[in-house]
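Asker: structure of the sequence below:
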Amino acid sequence: MTELETIVDQIPMPISNVESEVIDGEVLLYQPQQTRAVYLNPTAAVIWSLCDGKRSVREIIRAIDESYPEVGADLKEDVLATLRQLKESGVLVLG
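Answerer: Sure thing, here's the model as predicted:
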């Protein structure tokens with residue numbers, strides 16, 4: 001079973017105390033009790049904005065594909081890589 005097959009039905013959601021701020025077109029995520037911040041480029045910021053605790057990974061991929069059809073074949077892997085990085089950074093959980 002591939003990573004995509006195991007994750008597509010999971011629902012990503014931000015950790016409850018993550019705060020965000022837009023700086024020069026990039027999104028900065030941080031948790032007040034941690035000393036690190038996560039910078040999101042515009043693409044990652046779109047993915048982050050769709051992680052509302054209601055949409056599954058499959059629905060996020062579909063929404064981005066419909067809004068940005070020019071992204072093409074690498075879309076699924078790009079979304080998975082971004083979600084993996086957000087999870088590893090401690091600002092997102094998959095449920």
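
Asker: going forward, measure contacts and count neighbours with C-alpha atoms only.
Answerer: Noted.

Asker: residues contacting the closest residue to Asn17 other than its chain neighbours?
Answerer: The shortest distance from Asn17 to any non-neighbouring residue, by Cα to Cα, 6 or more residues apart in numbering, is to Gln31 (6.0 Å). Going by Cα atoms under 8 Å, 6 or more residues apart in numbering, Gln31 touches 17-19, 37, 91.

Asker: need the buried ones from those selected in ChimeraX.
Answerer: This is how ChimeraX selects the buried members of the contacts of Gln31, with burial counted by 16 or more other Cα atoms under 10 Å:
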select :37,91
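
Asker: now the contacts of Gln31 in a markdown table, please, with extra columns for secondary structure.
Answerer: Formatted as a markdown table, the contacts of Gln31 follow (DSSP: H, G, I helix; E, B strand; the rest coil):
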| residue | secondary structure |
| --- | --- |
| Asn17 | coil |
| Val18 | coil |
| Glu19 | strand |
| Ala37 | strand |
| Val91 | coil |
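
Asker: of the contacts of Gln31, which pair is most distant in space?
Answerer: Across these, no pair lies farther apart than Asn17 and Ala37, at 12.8 Å, counting by Cα to Cα.

Asker: from what I can see, Ile64 looks like it's in a helix, true?
Answerer: Yes - counting by three-state DSSP, Ile64 is found in a helix.
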